[in-house]
Structure formats: C-alpha cells, structure tokens
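In: Fold the following for me, if possible:
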Amino acid sequence: MSIMPHRRVSGTIRYTSKKPERLDQERGRETFAFTHHQDGAVTVQAHCEIEDPRPTVMRDIVYSTDAQGRPMDCHVRLSLDDAYLGTGWVWFDHDAGVAHLESHGPSIGRVSQKMPIPPALDGFGTHPIVGDGFITRIMDVSRGPHRRQLTVLLPSPDHRGATPPMLAEVKIWLEYVGEEEREVAAGRFACRHFRFVDEASMGGTQHPPYDMWVTADADNVFVCGGVGGYMQTWYELVSLTR
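Out: Presented below is the predicted three-dimensional model:
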C-alpha cells in the first residue's frame, strides 16, 4: 500500500472534427494527470497530439498551482510536424510581482523574458484541453449563471499554442451557463456548463465561442466540449481514473 499523501486523477480525451468532410473523425488525443498535493497545491501533466489541421502539433506540459490557486511554474515542450519547435520554463515570483520565462527554439534562439504579473491575474493558460476545465475553478458558481472577464497569461496566443513559448497577456470572457448531466465514453457525470467568448481577438484573430462541460466537483475535470466557427472541433473524455 502506498504511503504517498497525494491524490491522483488521470484520464484521456479524444479530439474529433465537426467539419462536414471529416465529421466525427478522430483528429487528436490528450492524456492527462492531476496530482493533488497534501498542502493544496496541484500539478497538472498533459501530453497532447493534434493531427488535423496540418501541421501536426505535439505538446507536453507540467504546470503547478499553489494552495491559493496561483500559478507557480510551468514547463512546455512543442513539436511541429514531429520536428522540435521550442521549449520553455515559466516561474511566477508573486512576492516580486514578476513572471520569468526561459525559452529556446530554432526560430527564436535563447530568450529570457520578464513580465509584470497582472494584479488581477486569473490563471495561466497552458493550452491542453484539460487546462480549460481546470481554470473554471475561479468562477463563483454560487452566484448562478453569469459571466466575467478573465486576465490570463499564456505561453502562446496562437489558438493551437503552436509557437515557441513566449509570455503573452490575453483577456477572454468566461460564462457559467448552469448545471447539466452529460454522458460520454468515460461515463455519466454531473457537470457545470461553461462558455469561453473571445471579444478581444486573442492572438489577433477572434477565437470562436467554446462551450465545455466540467465535472461539478472540486476536481474540475473536462468532460466534453466543442468550438464552432472556423475550428469546428469536439473533445470528449474517454477514460478517467480517480
């Protein structure tokens, strides 16, 4: 029997297309794990593979938040068409109010970056789908359906995160729609329905509305969701262990 005091949650998400010519065809996948530490910190690990549209993207991230839910650090490594695109490490010094980045990639060389942490920072956007569910923790669902603008730092403002890691600040609206049950390949779950709405054209291009359903518990596990507009994608939890 393990004496390790942490708790683990892990699973797999399938990516499919909603474009008419590729309807419901698999276009990628994601494996993930949450480590819930005894002191309240959380570490998220994710491996993501996007096959369509080309070029293919592969992403690995390890991201941690502290007991207050604040970003602590993140490592990200990216491949584009199975060739090295870049790697980066971000560390948040909340006492000094500064986020530090060390990054490298063939197109940018070695880069060191510092950025003031926005005073109303809501989180760090890591780009894996499971991270989209994780950030919904900041919503006060006791208020009922409502929306609020989020201030988020990202390692890439590209909609697929397919650029060498560099810090960027974006603002996006997150709406709490209500509670619903959803049945997916991994089972039936009591969920909270959220919707991201990009009114500020993140990365210079407006991200289409993004509906998602997240477990209605403290784990905030992404269950299913999809993006409309030019993306026409769908994501579904196909396995979960906790």
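
In: doesn't residue 173 make contact with residue 199?
Out: Yes - between residue 199 and residue 173 there is a contact at 6.0 Å, judged by C-beta atoms under 8 Å. The C-beta positions use only the backbone N, C-alpha and C, and glycine is treated the same way.

In: Give me the more crowded residue out of these two.
Out: Neighbour count, other C-beta atoms under 10 Å: between residue 199 and residue 173, residue 173 has more, with 15 against 11.

In: Could you check the pLDDT of that one?
Out: With respect to pLDDT, residue 173 has a value of 92.

In: Roughly how far does it sit from residue 152?
Out: Plainly put, residue 173 is 11 Å away from residue 152 if you go by C-beta to C-beta, to the nearest Å.

In: can you check residue 11 too?
Out: 23 Å.

In: Quick one: the helices in the protein, in order.
Out: Using DSSP state H, the helices of the chain run over residues 129-134.

In: Show me the shaky parts of the protein.
Out: Along the chain, segments meeting pLDDT under 70 span 1-2, 200-207.

In: Can you tell me which residue sits nearest the middle of it?
Out: Note on the chain: the residue nearest the mean C-alpha position is residue 131, at 2.6 Å, using C-alpha atoms, centre = their mean.

In: That one contacts residue 154, doesn't it?
Out: No - taking C-beta under 8 Å as the definition, residue 131 is not a contact partner of residue 154, at 10.5 Å.

In: ok, now which ones touch the residue nearest to the centre of the chain?
Out: 44, 46, 61, 63, 125 (C-beta atoms under 8 Å, 6 or more residues apart in numbering).
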